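Peer 1: Turn this into a model:
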Amino acid sequence: MPQVTVRSGVVGPDGREEQISEHFCDSPHCPNIATQVMGCVSALRLRVALCDEHAEKLRKDICNFGSSARI
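Peer 2: This is a model prediction of the structure:
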């Protein structure tokens, strides 16, 4: 997932420059900041993080798939 870091130029109490890091949504072409981690594989250091909009859409798709599945 793409990460953006903003440096403040302000030195914190520990003597280092303060900075903010955010991750973008993993949905293709989405410019929003990721707010929810949907899953991870820690052994491979992989994770999927989505913005609120795409996380809700994924949840609805999963619920609809489960209710319409027939054996």
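Peer 1: Just list whatever residues bridge to Val6.
Peer 2: Beta-bridge partners recorded for Val6 (DSSP bridges): Ile20.
Peer 1: confidence score at it?
Peer 2: Model confidence at Val6, given as pLDDT, is 78.
Peer 1: Test my guess that it contacts Ile20.
Peer 2: Yes: between Val6 and Ile20 there is a contact at 4.8 Å, judged by C-beta atoms under 8 Å. Where C-beta positions appear, they are placed from N, C-alpha and C, glycine not excepted.
Peer 1: Now do the strands in the chain.
Peer 2: Here the chain has its strands, by DSSP state E, at 3-11, 17-23, 36-41, 46-50.
Peer 1: Please name the nearest non-neighbouring residue to Ile33.
Peer 2: Counting by C-beta to C-beta, 6 or more residues apart in numbering, Glu22 is the residue found nearest to Ile33 once chain neighbours are left out, at 4.9 Å.
Peer 1: Distance of the one you found relative to Val4?
Peer 2: 6 Å (C-beta to C-beta, to the nearest Å).
Peer 1: repeat for Asp26
Peer 2: 14 Å.
Peer 1: Specify which residue of the two has the higher count of neighbours.
Peer 2: Asp26 (17 against 10; other C-beta atoms under 10 Å).
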